[in-house]
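Undergrad: below are the sequence and a predicted model for it; my questions follow.
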Amino acid sequence: MDQVEEVKSKVDIVEVISSYIPLKKAGRNMSGLCPFHAEKTPSFMVSAERQVFKCFGCGEGGDVFTFLEKIEGWDFREILEELAKRVGVKLKSYRGGDSGLQKEKILAVNRVAAKFFSYLLLDHKLGGEVRKYLERRGLKRAMWVKFGLGYAPNSWDRTFSVLNKKGFSPADIAASGLVVSREGKDKGFYDRFRGRLMFPIFDARGSVLGFSGRVLASEGGGAKYINSPETLVFNKGSILFGYFQSKDFIREKNETVLVEGEFDMLSLFASGIKNVVASKGTALTDNQVKIIARSCESVVLCFDTDIAGDKAARRGIEMLDAAGLIVKVVSLGKFKDPDEFVQRDPVGFKVALKNAANFYDFLIYSAKKRYDSSTVYGKKKIGQELLPVVSKISDEVVRAHYMGKIAGVLGVDPSLIDNSEKYNNETVVNNSDRIDNAGRVERLEKYFLALYLVGDSLHHDFFKILDKNNFENSECRAFWSATHDIIKSPKAKFKRRVLESLPKSFKTFIDDLYLLDIGAEFLDDEERAGEMVRMAKRIRELSLRRKLREISELMRKAEQKEKSREVVKLTKKFDELSQALKEGVQDDKKVT
């Protein structure tokens, strides 16, 4: 067994996935809300027995490696290292591709740079002014250490020189984004971050992906904040500052407090509000929304800007709502930002957090505050701002509630404005209306086979009721036929041995059968046997009806061509099948 197989054999997919999303028992499997698409009813299933997952809503599925690749964006090497760490396997050697090796080098450069910056802040005289600055901002040394804060010296090449002496090549340092290539005749590099308070940006595993640097007044001009550029490991739109330190608190509270800036995040964390992250701006990205949605079910927005009047913030909130999150908003009152609020009135901030308003209530309140609802112009602006947002609420009861509130503000009858299609170009379609008969038959056949695979043994009895031709779905038909070839005697066979004897091409199909939700009541042998008999009879009945339709069509064509003998023959066959359908399945012996 190589080390990859050793790691796979020791890891538990349920444990890994449950560290990202809440899972609940669902029959023999575990279920939860899919982290890869927005849903309100769980369709994401995890099988401990098969060590696989699948979402029956969006179709994403695979093993634990697939899950971490999709949810974290890690390459194979990163996943292997993370899982090996989880299960206590010490990796001897694993050689990934060129891209993986380059990522490793960048992470190593960032790690050494973060230690260098931290040393200057904590223990070097160059960090004296920064230490005083942080203390004035109300942040103690313990917070500097926990979040890895540091100081980049006000020098053109000090950071580059330190990294180069540590053995990193100029190319690797440049790939990390910590230095900038000089233009003109003078070749070489200069430090990107100079004279700045440094905030390392971690991924969920604690690796430093990049940095954000804040200028200090005493160090001169430049942009207030600058970030690492896009690299192989850093993408600003895919990170939330502080998530590494806060993720466990977020899952514990099942809620994220979302702020804009680093100091907002740090001040709230220091005050005891530890389920907090910073988006570094109001314009949320799809990746940031996904991180939040897979961690909790509720998000409280605490932005400096007027959310209702900020189009970028509004788009982000619509994305949060579409992801199935409960969205609430904190009013900052007289304070300019969460940092100032929590520093000056920590008790008051916690009260405001507790009383955070539902986003739609906040929108209505904000619109009323900014526009005069007693004037025609004011009513027009309120309607233009609120109706397009509220009309997108998918729940009819909730939408009607807020349409009624808006109507009250405008002083008009609710029926005049409650026309969601007028404001929303997207037409909601009930997917169930599009499911054809073939889809229903396929689900029935797979449900029967999923029941058949419960338990430790497989029985021959059901082959007396169903043969392979009773299955309409080709995969189900092939699986039933292959299984029958293995189980040829009435004697029960151990399921594990049967499945091991099947061709490997059936693996994904079998995984999907295991992931189907069959209901906890059918884990009982007697209950399951009864359900299987009913499903087997139904499959056979549907098969007979399909054959009758086929024969009926053949009879029609034969009559058109005046082939009397063929008509007689087909009529006899039709009568036989009709009688069989009428009598039902004869052999309905109890399966033991």
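TA: Happy to help now that I have it.
Undergrad: check what pLDDT A478 gets.
TA: pLDDT, A478: 93.
Undergrad: buried residues in the helix or strand in which it is found, which are they?
TA: Using DSSP states H and E, A478 sits in helix 474-486. Residues E475, C476, R477, A478, F479, W480, A482, T483 are the ones in helix 474-486 that count as buried (16 or more other Cβ atoms under 10 Å). (Each C-beta comes from the backbone N, C-alpha and C, glycine too.)
Undergrad: stretch 223-236 now?
TA: I226, N227, S228, T231, L232, V233, F234, K236.
Undergrad: so which of the residues you listed are in strands?
TA: I226, N227 (DSSP state E).
Undergrad: follow-up on the earlier one: for the buried residues of helix 474-486, give me CSV that also has distance to K582.
TA: Converted to CSV, the buried residues of helix 474-486 look like this (distance: Cβ to Cβ, whole Å):
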residue, distance to K582
E475, 30
C476, 26
R477, 25
A478, 30
F479, 30
W480, 25
A482, 32
T483, 30
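Undergrad: need the max-distance pair from the buried residues of stretch 223-236.
TA: I226 and L232 (19.4 Å; Cβ to Cβ).
Undergrad: tell me how far stretch 546-562 is from the chain's mean position?
TA: 51 Å (Cα atoms, centre = their mean, to the nearest Å).
Undergrad: let me fix that: stretch 201-216
TA: 23 Å.
Undergrad: and for stretch 4-12?
TA: Worked out by Cα atoms, centre = their mean, stretch 4-12 lies 23 Å from the chain centre.
Undergrad: what residues of that stretch count as buried?
TA: V4, V7, K8, V11.
Undergrad: closest to S155 out of these?
TA: Nearest member of those to S155, counting by Cβ to Cβ, is V7, at 43.9 Å.
Undergrad: how about low-confidence regions in the stretch 401-550 of the chain?
TA: 418-438, 489-493 (pLDDT under 70).
Undergrad: K537 reaches I465, doesn't it?
TA: Yes - using Cβ atoms under 8 Å, K537 is in contact with I465, at 7.2 Å.
Undergrad: more crowded one of the two?
TA: I465 (20 against 15; other Cβ atoms under 10 Å).
Undergrad: what's near enough to touch the residue nearest to the more buried one when sequence neighbours are not counted?
TA: Closest residue to I465 apart from its sequence neighbours, by Cβ to Cβ, 6 or more residues apart in numbering: A536 at 4.6 Å. Contact analysis of A536 by Cβ atoms under 8 Å, 6 or more residues apart in numbering lists F448, F462, I465, L466, V585.
Undergrad: from these, which single one is nearest I518?
TA: F448 (9.9 Å).
Undergrad: how near is the closest one to K537?
TA: 10 Å (Cβ to Cβ, to the nearest Å).
Undergrad: F199 now?
TA: 66 Å.
Undergrad: for P200, same thing?
TA: Counting by Cβ to Cβ, the gap from P200 to K537 is 64 Å.
Undergrad: now the strands for the stretch 1-150 of the chain?
TA: Secondary structure of the stretch 1-150 of the chain by DSSP state E, counting those that start in this stretch: the strands cover 24-26, 29-32, 44-47, 52-55, 61-62, 150-152.
Undergrad: so which of those is the most packed in?
TA: strand 150-152 (a mean of 27; mean count of other Cβ atoms under 10 Å).
Undergrad: tell me how many other residues crowd the residue lying closest to H484 once chain neighbours are set aside.
TA: Leaving aside its chain neighbours, H484 sits nearest to F463 (5.3 Å; criterion: Cβ to Cβ, 6+ apart). For F463, the count of nearby residues is 15 (other Cβ under 10 Å).
Undergrad: for E531, same thing?
TA: Neighbours around E531, by other Cβ under 10 Å: 18.
Undergrad: pretty sure it is in a strand, no?
TA: No - counting by DSSP: H, G, I helix; E, B strand; the rest coil, E531 falls outside a strand, being helix.
Undergrad: now the buried residues of stretch 223-236 in TSV, with pLDDT and distance to T41?
TA: Converted to TSV, the buried residues of stretch 223-236 look like this (pLDDT from 0 to 100; distance: Cβ to Cβ, whole Å):
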residue	pLDDT	distance to T41
I226	93	44
N227	94	39
S228	95	40
T231	94	39
L232	91	38
V233	91	36
F234	92	36
K236	88	33
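Undergrad: between the buried residues of stretch 223-236, which is nearest V179?
TA: Nearest to V179 out of these is S228 (Cβ to Cβ; 11.0 Å).
Undergrad: that closest one: what's its closest spatial neighbour, skipping adjacent residues?
TA: G210 (3.2 Å).
Undergrad: can you point out the helix or strand that includes that neighbour?
TA: strand 208-215.
Undergrad: ok, which stretches of the stretch 201-350 of the chain are helices?
TA: 243-253, 262-270, 286-293, 311-322, 338-344, 346-354 (DSSP state H, counting those that start in this stretch).
Undergrad: out of those, which is closest to K328?
TA: helix 346-354 (9.1 Å).
Undergrad: for that closest one, the averaged confidence score.
TA: In the prediction, helix 346-354 has an average pLDDT of 94.
Undergrad: what sits against V329?
TA: V300, L301, C302, I307, A356, A357, N358, F359, F362.
Undergrad: compare those and tell me which is most surrounded.
TA: C302 (27 neighbours).
Undergrad: if it is in a bridge, with which residues?
TA: For C302, the beta-bridge partners are V259 (DSSP bridges).
Undergrad: so where's the protein uncertain?
TA: 1, 93-100, 184-185, 217-221, 282, 305-312, 394-395, 418-438, 489-493, 584-592.
Undergrad: any idea how it splits into domains?
TA: 3-87, 102-233, 243-362, 371-423, 437-583 (automatic domain parsing).
Undergrad: so which of those domains is the most surrounded?
TA: domain 243-362 (a mean of 20).
Undergrad: out of the strands of the stretch 1-150 of the chain, which gets nearest to K105?
TA: strand 150-152 (20.4 Å).
Undergrad: nothing else from me, thank you.
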